[in-house]
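A.B. asks: Predicted coordinates and the sequence they were generated for:
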Amino acid sequence: MTMHLAGAGPTEPSLESMAAEPMFTREYEARPAEFYQRLRDTYGPVAPVDVLGVPAWLVLGYTQALDVLQDRQGRWTKHISSWPAWSDGRVPADWPLRHAFGNDCLLVSDGRKADRLRSAWILGLRPYQDRTHRQARELENTVGRYADELIDVLSEGSSGTGWADLSAQYARPLPLMVLNRMIGFADDRGDDLLMDLWRAMDAGPEAVEAMGRMYTVTAETIEAKRKTPGEDLTSYLIGADPGLSTEDLCKELILAMSMLGDFTGTLISNTAAAVIGGDHSTRESLSAGMLQETVNRVAMANPPMANISFRFAQAPVRLGRFAISVGDPVFISVAAAHMDPVFTGHMNPDSITSSRAHLAWSTGLHGCLGRDLATTITTIAIGRLFERFSALKLALPADQLPWRSSPFLRSLRSLPVEYELSGPPPGARQPAGGAPGQPANAGAQPPRSRMWRFLRGLRKDAQ
Ligand code: HEM
């Protein structure tokens, strides 16, 4: 539990004075459980870490994570202005997470602004998350169709068996296609935008330019939807709070892109890896038809958002063994909290139903608002995989799968599998070739689609 302090005593070390443990090392990437355990053994439930050159407290304890996340007394804030190191220029100009904290969206907001944005989000997402709504049912059908299209493309030209990277060829493009449709981008922009989204999320050399183009197209889309609303998230958000500026909405839609594109894609590939890799209890829950529970289990065992964005102390407070000063950032590691004996002690590993008390979707005032949507997309994606393939086998031993290094994500870089189709290969059928993510009735498909060409280029027979 946290305890308020009148002020850090003279013997209490400050965050800056401590020899912080670098995060995102090879050990962290390859063996996170060992990394967390070493920190826990050395420091207890809260440890000083170096987040790519910036000191922060890493919360490893389940109780401490819960305590911060469930704060309703304003003891913690997400607002960047409460971070002295940010305001007085101690955060390096080239800090790789600057853009993530600089996008002044709901994820880094608090108080009245956050209440207002959350209300708009709840209304904006309702048509997709409330199954009594036609839009939610249509989306489910669409996700299934996109999944089939991607499976067709990855197995095209095969004789029914082959090799595929289910991360790059399936789990990543699928939610991007959904996103493209949900935001309601103009048909002729969709394909280029998907590629830009991909570039922005990979944070490579082209990311900044790609992000700039995305902002421009998103702002234009918002303006167009103000004049002519459609049945899409953009129009629903505008309708929910017409007073939100185009700039504000742009930031929220960029947040949606990362939540859908990156985190949902991660959950799909993590779930596929867990089921194909053959964890006994995960396979068992799938064969029992409990797909949603399988997804829930994977989210708990390997949270896509491994670390939740900073909170800043509003008053001196004791957390774990340390005195946290006003403005100190804490980084909550959901992945570590789920390995805390306080949490695992209550779990029965053989149980078919798992704990819903996990923190993969966070909890409290800032809990995830798109949980049902992400779970639905993932459930359909995994269901189609096991429908369309009669056999799927990891092409690498599970402990050699490559993980992508990211401060927030725990995501597979690739998921190589050997597959066997359950039906005839798609050769005889009309190949998928149009702009991905557009409604089925989008009319004649453009002959050359950048994303499909890219995806076809990933096929082993094309290399
Ligand atoms: C597997 C996919 C997803 C995971 C693991 C996930 C997880 C999370 C977590 C842990 C948070 C809390 C972040 C924090 O407190 O700093 C969060 C917040 C949020 N999520 Fe998700 N999310 C996912 C998908 C989605 C989707 C698809 C949407 C909607 C398009 C969405 C919308 C949001 C929003 C709007 C917030 C901000 C809530 C706030 O700060 O008040 N999420 N999500």
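C.D. replies: In hand now; what should we look at? Owing to the predicted nature of the structure, the values given are computational and were not obtained by experimental measurement. Residues are numbered from 1 along each chain as shown.
A.B. asks: Can you report how many residues lie near residue 76?
C.D. replies: If you count neighbours by other Cβ atoms under 10 Å, residue 76 ends up with 25. Every residue, glycine included, has its C-beta placed from N, CA and C.
A.B. asks: quick one, phi/psi of it?
C.D. replies: phi -130, psi 150 (degrees, to the nearest 10).
A.B. asks: separation between it and residue 104?
C.D. replies: Counting by Cβ to Cβ, to the nearest Å, the gap between residue 76 and residue 104 amounts to 18 Å.
A.B. asks: same check, this time on residue 241
C.D. replies: Residue 241 sits 16 Å away from residue 104, going by Cβ to Cβ.
A.B. asks: Residue 278 too?
C.D. replies: 44 Å.
A.B. asks: same check, this time on residue 18
C.D. replies: Residue 18 is 30 Å from residue 104, by Cβ to Cβ.
A.B. asks: Quick check: chain neighbours aside, which residue is closest to residue 134?
C.D. replies: Counting by Cβ to Cβ, 6 or more residues apart in numbering, residue 134 lies nearest to residue 127, which is 8.0 Å off, once chain neighbours are set aside.
A.B. asks: Equivalent analysis for residue 104, please.
C.D. replies: Using Cβ to Cβ, 6+ apart, the closest residue to residue 104 is residue 251 (6.1 Å).
A.B. asks: mind checking the SS state of the one you found?
C.D. replies: Following DSSP: H, G, I helix; E, B strand; the rest coil, the label given to residue 251 is helix.
A.B. asks: The closest residue to the ligand within the chain: neighbouring residues, count only.
C.D. replies: Nearest residue of the chain to the ligand, counting by Cβ to the nearest ligand atom: residue 370, 2.0 Å away. The number of residues packed near residue 370 is 20, by other Cβ under 10 Å.
A.B. asks: Assess the claim that it and residue 257 are in contact.
C.D. replies: No - counting by Cβ atoms under 8 Å, residue 370 sits too far from residue 257 to count as a contact (11.8 Å).
A.B. asks: What parts of the chain come near the ligand?
C.D. replies: 106-107, 114, 118, 121, 125, 255-256, 259-260, 263-264, 267, 304-305, 308-309, 360-362, 366, 368-370, 373-374 (Cβ under 6 Å from any ligand atom).
A.B. asks: Just the ones in helices from those residues, please.
C.D. replies: Judged by DSSP state H, the subset of the residues of the chain next to the ligand located in helices is 114, 118, 121, 125, 255-256, 267, 373-374.
A.B. asks: Same list (the residues you listed) but as CSV, adding neighbour count and pLDDT.
C.D. replies: Formatted as CSV, these follow (neighbours: other Cβ atoms under 10 Å; pLDDT from 0 to 100):
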residue, neighbour count, pLDDT
114, 19, 94
118, 16, 97
121, 21, 98
125, 22, 97
255, 18, 91
256, 22, 93
267, 28, 97
373, 23, 96
374, 24, 96
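A.B. asks: can I get those residues in a markdown table with distance to residue 326?
C.D. replies: As requested, those are exported to a markdown table (distance: Cβ to Cβ, whole Å):
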| residue | distance to residue 326 |
| --- | --- |
| 114 | 20 |
| 118 | 26 |
| 121 | 30 |
| 125 | 35 |
| 255 | 27 |
| 256 | 33 |
| 267 | 36 |
| 373 | 37 |
| 374 | 35 |
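A.B. asks: Now for these: which two are most distant?
C.D. replies: Within those, two members stand farthest from each other by Cβ to Cβ: 114 and 267, at 24.3 Å.
A.B. asks: Pull up the pairing partners for the one helix or strand residue 393 maps to, direction included.
C.D. replies: Using DSSP states H and E, residue 393 sits in strand 389-394. Under the criterion DSSP bridges, strand 389-394 sits next to strand 416-421 (antiparallel) in its sheet.
A.B. asks: And the strand it pairs with, what's buried?
C.D. replies: Using 16 or more other Cβ atoms under 10 Å as the test for burial, strand 416-421 gives 416-417, 419, 421.
A.B. asks: closest to residue 386 among these?
C.D. replies: residue 419 (11.1 Å).
A.B. asks: who are the neighbours in contact with that closest one?
C.D. replies: By Cβ atoms under 8 Å, 6 or more residues apart in numbering, residue 419 lies in contact with 155, 161-164, 389, 391-393.
A.B. asks: Buried subset of these, written for ChimeraX?
C.D. replies: Of those, the buried ones can be selected in ChimeraX as follows, counting by 16+ other Cβ under 10 Å:
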select :155,162,164,389,392
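A.B. asks: With pLDDT and distance to residue 137 added, can I get the contacts of residue 419 in a markdown table?
C.D. replies: What follows is those, written out as a markdown table (pLDDT from 0 to 100; distance: Cβ to Cβ, whole Å):
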| residue | pLDDT | distance to residue 137 |
| --- | --- | --- |
| 155 | 93 | 28 |
| 161 | 94 | 34 |
| 162 | 94 | 33 |
| 163 | 95 | 35 |
| 164 | 96 | 29 |
| 389 | 94 | 26 |
| 391 | 92 | 31 |
| 392 | 93 | 28 |
| 393 | 94 | 34 |
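A.B. asks: returning to that earlier point: ok, now which ones touch the residue of the chain closest to the ligand?
C.D. replies: By Cβ under 8 Å, 6+ apart, the residues touching residue 370 are 125, 129, 256, 259-260.
A.B. asks: which one is the residue most central in space within the chain nearest to, not counting chain neighbours?
C.D. replies: Against the mean C-alpha coordinate of the chain, by Cα atoms, centre = their mean, the closest residue is residue 263 at 1.6 Å. Distances taken as Cβ to Cβ, 6+ apart put residue 304 closest to residue 263, at 4.7 Å, once the chain neighbours are dropped.
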